[in-house]
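1. my questions concern the predicted model and sequence given below.
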Amino acid sequence: MKIIVDDFVPANTGWGHSMQKGQILRIKAKTIVDFACINLHNLNERFDQARTKVYNMKIWISTGDQLFSKLNNPMMTIVEDQFSGQGYHDLQYGTCSGPRYARAKEEGRLNQYHHGDDIPIPDHGCWENLIDGFSEWKIPPELIPSPLNIFQHVDIDVESGQINHSPNRPSDPIYVDFQAEMDLAVAASACPDLAAPNFGQPIQATIYER
Amino acid sequence: MSATTLTTLRPHEGWTGEVKTGQVLRITAKSMIDFNCFEKDNFKEYFDTARTRIYNLNMYPTVNHRLFSKQNNPMMKFIKDGFSGIGLHDLQSSHGCPDLMLKTLGTVKSMTLADLPDPMGLFRNLKISPSGQIKPSPKGPLDLVDIELKAEIDLVCALTNCPSAELSASGADCIVTIL
């Protein structure tokens, strides 16, 4: 394994890097990581939740599944998923953010998303962290893609459609490996994860070649 | 309450127009309709499927749900759903007819596929299994039914009448009315 970059990402901060086709990104964590990618040579080609779900014909993706762009091209392939069998990664949520936390608190709905109405809320979240992670490429805030929410296990009733938060997270840091199918700008947010048993934790982001 | 029929769309036709705060957009159809909306004077503020799912904490939009924007603000409220009990509207998929939506929106805003927000897929009726697999269902409404969306801000709305053999029971006219 040839390590290209190996970065510690503190809780509730963003991280970004470029990577080449064939390289592998390893995201290691025990709480939610919001993740998105953009074509390095065409910043208008961004990760897309809907294309990813429809291409794979499933709402939860794991090893062997591919992340797709809005322009319908494969961007990354999940080559190893240590969360498989423990929980699902999420493709329903957008990013958390300062305004989103503020609205939920104002409407008295924090308990519907997290574990209590009286918990302190951060002034920023994954929206702001992903803007920061992609800052080198100056992606406008409104064009930050809705992410793949790694390790965000969500309970979904497929009959009623109801979505419920869950504290199901890895007990210890585990990883997911993504192989780049094109040259990419990638960004990750160490989510404040107010639904996790001990809130958001730091993550490790590693890019390597086999 | 006055009702003004704006247009009747044949299959593979689209409509776009302004809907002011408090006005109700009625869509009467029996085949798949892709729907998008934007803040009237700020197209950076657009309907967002993820924000809408999570504000309502539900995958299937229906009565009393609110349509939310990318920047997390309310845009419309779902006030009538004639499809309820028959099938499910969709917030998982991309456009069935993206070129038609781009052409339709092009009369007010030039846009490329890369910038086209994902739609609400009215009457799409995708089935999701407990394991998370997505399966198209050909079951749509047998007769024309109404859905009504009330604008919470001044909007530009757009919709395409997008039947396909795979996803819709049949092509049919779609009536667009403002209340």
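-> Cool, got the structure.
2. where's the residue nearest in space to the middle of chain B, which helix or strand?
-> Centroid check for chain B by CA atoms, centre = their mean gives B:Phe35 as the closest residue, at 2.6 Å. Per DSSP states H and E: B:Phe35 is located in strand B:33-39.
3. ok, that strand: who's next to it in the sheet?
-> Sheet pairing of strand B:33-39 (DSSP bridges) gives strand B:42-46 (antiparallel), strand B:120-122 (antiparallel), strand B:155-161 (antiparallel).
4. circling back to that earlier point, contact partners for the residue nearest to the centre of chain B?
-> B:Ile27, B:Phe47, B:Pro119, B:Met120, B:Gly121, B:Leu122, B:Cys157, B:Ala158, B:Leu159 (CB atoms under 8 Å, 6 or more residues apart in numbering or on different chains). For every residue, glycine as well, the C-beta is placed using N, CA and C.
5. re earlier: how far does the strand holding B:Phe35 sit from its chain's centre?
-> In terms of CA atoms, centre = their mean, to the nearest Å, the gap separating the centre of strand B:33-39 from the centre of its chain is 5 Å.
6. next, the buried residues of stretch B:12-30.
-> B:13-17, B:19, B:23-30 (16 or more other CB atoms under 10 Å in any protein chain shown).
7. that one: end-to-end distance?
-> 13 Å (CA to CA, to the nearest Å).
8. tell me where chain B has helices.
-> Per DSSP state H, chain B carries helices over the ranges B:49-56, B:98-105.
9. and the ones you listed as JSON lines, adding mean neighbour count?
-> Shown next, in JSON lines, are those (neighbours: other CB atoms under 10 Å in any protein chain shown):
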{"stretch": "helix B:49-56", "mean neighbour count": "24"}
{"stretch": "helix B:98-105", "mean neighbour count": "18"}
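10. can I get those helices in CSV with mean pLDDT and distance to chain A?
-> Listed next are those as CSV, based on pLDDT from 0 to 100; distance: least, CB to the nearest CB, whole Å:
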stretch, mean pLDDT, distance to chain A
helix B:49-56, 96, 4
helix B:98-105, 96, 10
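11. tell me the residues of chain A that contact chain B?
-> Residues of chain A found near chain B (CB under 8 Å from any CB of the partner chain) are A:44-46, A:48-51, A:53-54, A:57-60, A:70-71, A:88, A:92-94, A:97, A:99-100, A:103, A:112-113, A:140-143, A:146, A:156, A:158, A:160-164.
12. ok, A:Asp118 - how many residues close by?
-> Using other CB atoms under 10 Å in any protein chain shown, A:Asp118 has 7 neighbouring residues.
13. cool, A:Ala11 as well?
-> 16.
14. report the contact partners of B:Asn58.
-> So B:Asn58 contacts A:Ser160, A:Gly161, A:Gln162, A:Ile163, B:His65 (CB under 8 Å, 6+ apart).
15. could you give the bridge partners of A:Asn39?
-> A:Leu184.
16. could you check the pLDDT of it?
-> Looking at A:Asn39, its pLDDT reads 98.
17. ok, now A:Asp155?
-> Reported pLDDT for A:Asp155: 95.
18. chain A contacts on chain B?
-> Near chain A, when you scan chain B using CB under 8 Å from any CB, you find B:44-46, B:48-51, B:53-54, B:57-60, B:70-72, B:88, B:92-94, B:112-116, B:118, B:128-135.
19. buried only: go through those for me.
-> Buried among those by 16+ other CB under 10 Å: B:45-46, B:48-51, B:53-54, B:57-60, B:70-72, B:88, B:92-94, B:113-116, B:118, B:128, B:132, B:134.
20. among those, which are in strands?
-> B:Glu45, B:Tyr46, B:Ile128, B:Ile134 (DSSP state E).
21. contacts only, for the last one.
-> With contacts defined as CB under 8 Å, 6+ apart, B:Ile134 is in contact with A:Lys53, A:Val54, A:Met57, A:Lys58, A:Ile59, B:Gln92, B:Leu126, B:Lys127, B:Ile128.
22. just for chain B, where's the confidence low?
-> Counting by pLDDT under 70, chain B shows low-confidence ranges at B:138-139, B:164-171.
23. just the element for A:Pro99, please.
-> helix A:98-106.
24. that older thread, B:Asp173: which of the ones in strands among the buried ones among the residues of chain B next to chain A is nearest?
-> Closest approach to B:Asp173 among these (CB to CB): B:Tyr46, at 27.2 Å.
25. tell me what the closest one is bridged to.
-> B:Phe38.
26. my guess is it contacts B:Cys37. True?
-> Yes. Using CB atoms under 8 Å, B:Tyr46 is in contact with B:Cys37, at 7.4 Å.
27. thinking again about what came up before, quick check: the two most widely separated of the buried residues of stretch B:12-30?
-> Those two in those that are separated most widely, counting by CB to CB, are B:Gln23 and B:Lys30, at 23.7 Å.
28. still on that earlier bit, and the first helix or strand past the helix holding A:Pro99 going along the chain, average pLDDT?
-> Next in sequence after helix A:98-106, counting helices and strands by DSSP H and E, comes helix A:110-113. Mean per-residue pLDDT for helix A:110-113: 83.
29. how far off centre is the first helix or strand past helix A:110-113 going along the chain?
-> Scanning forward in sequence from helix A:110-113 by DSSP H and E, the next helix or strand is helix A:126-133. On the basis of CA atoms, centre = their mean, helix A:126-133 is displaced by 11 Å from the centre of the chain it belongs to.
30. got the contact list for the helix or strand just after helix A:126-133?
-> Remark: after helix A:126-133, the chain's next helix or strand is strand A:148-150, criterion DSSP H and E. Outside strand A:148-150, the residues that touch it by CB under 8 Å, 6+ apart are A:27, A:29, A:32-36, A:47, A:49, A:52, A:61, A:67, A:83, A:89-91, A:93, A:176, A:191.
31. mark which of these are part of strands, please.
-> A:Ile27, A:Ala29, A:Val33, A:Asp34, A:Phe35, A:Ala36, A:Leu67, A:Val176.
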